[in-house]
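# 3D model of this:
(2 chains)
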Amino acid sequence: MKPLFRLASTLAAIPLLFGIASSTPAYALTNGSGIDQGKGFDTCQDPTAAQMQAFWTGTPYFWLGTYIGGSLMACSQPNLSSSWVTTVNNQGWDFEFIWVGPEPPCTGYASRFSSDPATAYQQGRNEAVSAWNTLTNTLGITNGASGTALVYDLESSPSSCQSATNSFIAGWDYQLQLTPAQKAGVYGAVCGSNLAAYASISSVPDFVWGAWWNGNPSTSNLDGGGCGVPNGSWGYHQRLKQYQGGHNETWNGVTLNVDSDCANGPTDPSGTGTYVDPACP
Amino acid sequence: MNGNSISHRAATLALTAASLTALLVAFVATGSAAAPIAWVDQSGMPQSAAAQVHAQRACRAADLQIAAGRAGAFRGMAAQELLLTNRAANACSLAGPPGGAAMLDAGGQRALTTAGTAAHRIDLAPGQVVRMLVGTAATCAGAGHPNVASSLHLALDTGETASVSGVWVNAECGSPQTILFDAGAAPAARVPASSLRAKLSAPASVGRGQTLSYVVVLSNPTASTITFGGCPSYTEWLGAGPSGGGSRTLLLNCGAAPSISPGQSVAFEMRITVPTTMATGTAKLSWHLEVPDGAGAGATVGIS
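All right, here's what the predicted structure looks like:
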């Protein structure tokens, strides 16, 4: 049972009664995910299809960290649509979908969740519903996006409000893990977002995407020198790593400002992960 | 013997059925009712590279439409997006992100500086957009009590000042800094074939030294017939990474399909030879149509 999902689906259908924006996408990406062990990158704005084609040919990259929404998504996304996702997937790309909603209450972001753990938990569930609606309605992912990997972007998590953050992430995980379950992920700095803490909350993320810009692409290397993810946590193809922060890369005449990533975990859609980059596991 | 013979016939029938099924599946997968149009080995011409923009003058305030974009979170900072569009008829340049000041709602101001990685010149074609992200530290002791600036004053290279309102820049944990300064893609001069979409179907694996035969389906998602004004070229590439692989540009054999009707698809057979020296393992295959903003497709293929 996904009561919030049912409510959301009903609400999503209401605009159709008034002839506002059709929710039937012309293109559909297959649901599900596969274990990817290759390199990827992410950019603030999802690149154009032509830019993605240029970054496919002759590059080490197989997947794109793709911002799909949330109140704190920093860049506008004129390219993002079901058509774009399908076109880019047809180019050979896999995806790691990213949702950037409110951040912890003791930070300086424009949108923050409650410092009350019970409220934060519900807010985490609400964000999961919004993200799921984007997957299924805006991006047209099939079969209720069952098995699709989806990451919450937690940019920071100061210890002074860790309790609320734990509740928020537990709510996010819980809601996504209801049938039709998605793969619930959390992105954050291995130390600054206190990723290790989410291994012991009531609903544990299915995988983590840790940022540690030490230039080592290995997903086994997320411990942050002691303050990050212990080696025993999320050890079964449940890790991605952002190992280099913002820098320009030029491939085939196209320059993008990217973060570099490695996967040893789920990327979308199903059937991904035929390539193993020895640097990533 | 008899049993063996029956087994052999059954095996043959099963194999034939499997082959037909595979063929049928292949054609259905391509979305085309007919067999793919045969491949021809005829050299094509790569599309000329888009000319680099070289502005002869600095952008003036009147050239730029400056809009507040999203207030968000990026690379650990609170970020405010600004979108600067060149609305002039010719190209202009920005020597780097404009400096200036964030005007605090509570009074006072904070200087806007530039992070080293964002300090570079951008030449803007007409209609092209530059994205600026103004970031501030998002965490500090006692954070959670924003000290917000709702407007920015930007100092342009020409000595002019441009104001942008409706921003959310929180200076409670530090002064603002431009952390990203990035040009969007220059508008391309599209042709009708730019609207085509491509999908590629390739076998899961192929041996070194063999010919990889695959199918590209071009479909027309528009409401108008797309007519090729002469067959366009395409470029295909097969390789395993930045250091290997090879590409070539050939002519699309579109003589039998000089146009594609709305909603229709046409399948084209493609071939590429796998070098005997190619490394085994997973390789990338890519294909793109050599027209402005042309369709592209790709897949991964195992090399044995």
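# tally of neighbours for residue 212?
Reading this off chain A. 23 (other C-beta atoms under 10 Å in any protein chain shown). Just so you know, the C-beta spots here come from the backbone N, C-alpha and C atoms, and that holds for glycine as well.
# meant chain B, my bad for not saying
Per other C-beta under 10 Å, the neighbour tally for residue B:212 reads 20.
# got the phi and psi for it?
Per-residue torsions, residue B:212: phi -90, psi 120 (degrees, to the nearest 10).
# mind listing what's buried along stretch B:223-235?
Using 16 or more other C-beta atoms under 10 Å in any protein chain shown as the test for burial, stretch B:223-235 gives B:226, B:228, B:231, B:232, B:233, B:234, B:235.
# contact partners for the third one?
So that's residue B:231. Residues near residue B:231 by C-beta atoms under 8 Å, 6 or more residues apart in numbering or on different chains: B:251, B:252, B:253, B:254, B:255.
# closest one to residue B:79 out of these, please.
Comparing the contacts of residue B:231 against residue B:79 with C-beta to C-beta places residue B:252 closest, at 43.7 Å.
# wait, that closest one touches residue B:232, no?
Yes. In terms of C-beta atoms under 8 Å, residue B:252 counts as a neighbour of residue B:232; the distance is 5.5 Å.
# any residues in contact with both of the two?
Joint contacts of residue B:252 and residue B:232 (C-beta under 8 Å, 6+ apart) are B:44, B:289.
# OK, contacts around residue A:264?
A:35, A:36, A:37, A:219, A:220, A:237, A:238, A:239, A:240, A:280, A:281.
# hang on, the earlier thing: show me the two of the buried residues of stretch B:223-235 that sit farthest apart.
B:226 and B:235 (19.7 Å).
# outline the domain layout of chain B.
Per automatic domain parsing, the domain ranges recorded for chain B read B:29-48+B:190-303, B:61-183.
# what does the longest helix along chain A contact?
Counting by DSSP state H, the longest helix found in chain A is helix A:117-133. With C-beta under 8 Å, 6+ apart as the test, helix A:117-133 has contacts from A:4-5, A:7-9, A:12, A:68-70, A:97, A:99, A:101-102, A:105, A:113-114, A:145, A:150, A:152, A:163-176, A:182, A:184.
# try it again at 6 Å.
With contact meaning C-beta atoms under 6 Å, 6 or more residues apart in numbering or on different chains, helix A:117-133 is reached by A:4, A:8, A:12, A:99, A:101, A:113-114, A:150, A:163-164, A:167-168, A:171-172, A:175-176.
# show the subsequent helix or strand relative to that helix.
Scanning forward in sequence from helix A:117-133 by DSSP states H and E, the next helix or strand is strand A:149-153.
# how about the residues of chain B that lie near chain A?
Residues of chain B lying near chain A by C-beta under 6 Å from any C-beta of the partner chain: B:69-74, B:76, B:78-79, B:81, B:117, B:138-139, B:143-144, B:168, B:170, B:172-173, B:182, B:185, B:199, B:237, B:239, B:241-242, B:245, B:282, B:286, B:288, B:293, B:296-300.
# chain B contacts on the stretch 51-200 of chain A?
A:53, A:56-58, A:60, A:72-76, A:90-92, A:100, A:103, A:105-110, A:155-156, A:158.
# these in helices, which ones?
Members of those lying in helices (criterion: DSSP H): A:53, A:56, A:90.
# pretty sure the second one is touching residue A:92, no?
It stands for residue A:56. Yes. The pair residue A:56 / residue A:92 is scored as a contact, 5.5 Å apart, by C-beta atoms under 6 Å.
# mutual contacts of the two, please.
Applying C-beta under 6 Å, 6+ apart, one finds that residue A:56 and residue A:92 are jointly contacted by residue B:298.
# where in the chain is pLDDT low?
Defaulting to chain A. Within chain A, the segments meeting pLDDT under 70 span A:1-26, A:273-274.
# wrong chain, I was asking about chain B
B:1-33, B:242-244.
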